[in-house]
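S.K.: Got a predicted structure here, sequence first:
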Amino acid sequence: MTTYVLVPGFWLGAWAWQGVAAPLRAAGHSVFPLSLTGLAERSHLASPDLDLDTHISDITNLLAFEDLRDVVLVGHSGSGAAVTGAADRAADRIGRVVYVDSGPVPSGVAQIDLTGREAVEANAADGWRYPFPAWEEFAGSEVSLEGLGPRERELMSARATDQPIGTITQPLILTGAFDKLPKTLISCSFPLDKVNAMIAAGHPFFAALSGPEWELLSLPTGHWPMFSRPADLASLLAGIG
């Protein structure tokens, strides 16, 4: 059986993985969904001083205090920097890193450099909180809403919490331990032929996916497969484990 640590993307908490964690546990796996500091049930800890190092420590502390080893560390969307940093700092505890519609952030780069500074800075509240956007704001963007019906959208809007901006503006610094770890991309918004084309073209968001340590998988749906296709996402993760 496999041990999974599930890290949500912007605005979300451990609650977002309920539909994925349940079938994995039913199959006998150990599953640790994680709410990062300042989000969800830990939103009372949000502050202007909260940064990427805090979120990396959230993950590495869970690994250490639960004494987890050979872990499949799963990161969705904007948690790419925190997951990459944690895997780099605790590489001896990681069996594989899985990016769900996400990807690794290079050393010296901040998550905001991949997400886009304009949208974040234009919508910042109090200078340090990034609220969950209105659904209309995703129109015309590369963020696919496929598979999200009224129920899923209502749930996400009701439970989403502001993302502390320091967690996405602090550059990630890596030691190199992350480089040789086995990695998997589960691409949802982009078909794999498009992903492979962008890898071949040297696209800065995809060029790093070309190494022999990478496995590329597809789950055609929108950007939030834990809501649109949770059982299928659990099946993919079980196969990876």
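M.R.: Looks like it arrived, so ask away.

S.K.: which residues of this structure score low on pLDDT?
M.R.: Residue ranges of the chain with pLDDT under 70: 204, 241.

S.K.: And the next helix or strand past the longest helix seen in the chain?
M.R.: Identified as the longest helix of the chain according to DSSP state H is helix 52-65. Next helix or strand after helix 52-65 toward the C-terminus (DSSP states H and E): strand 71-76.

S.K.: just checking, what packs against that following strand?
M.R.: On a contact count with 3 or more Cβ pairs under 8 Å, 6 or more residues apart in numbering; DSSP states H and E, strand 71-76 meets strand 3-7, helix 80-89, strand 94-100, helix 230-240. The way it works is simple: take the backbone N, C-alpha and C, and place the C-beta from them, glycine included.

S.K.: Point out the most buried one among those.
M.R.: Compared across these, helix 80-89 shows the largest average neighbour count, a mean of 26 (mean count of other Cβ atoms under 10 Å).

S.K.: now that one against strand 3-7, angle please.
M.R.: Helix 80-89 and strand 3-7 are oriented at 140 degrees to each other (axes from the mean of the first three to the mean of the last three Cα atoms, to 10 degrees).

S.K.: Which strands and helices lie in contact with helix 80-89?
M.R.: Applying 3+ Cβ pairs under 8 Å, 6+ apart, one finds that helix 80-89 contacts helix 52-65, strand 71-76, strand 94-100, helix 111-115.

S.K.: Determine how far the first one lies from the middle of the whole chain.
M.R.: The offset between the C-alpha centroid of helix 52-65 and the centroid of the whole chain comes to 14 Å, using Cα atoms, centre = their mean, to the nearest Å.

S.K.: What's the local residue count around D92?
M.R.: 9 (other Cβ atoms under 10 Å).
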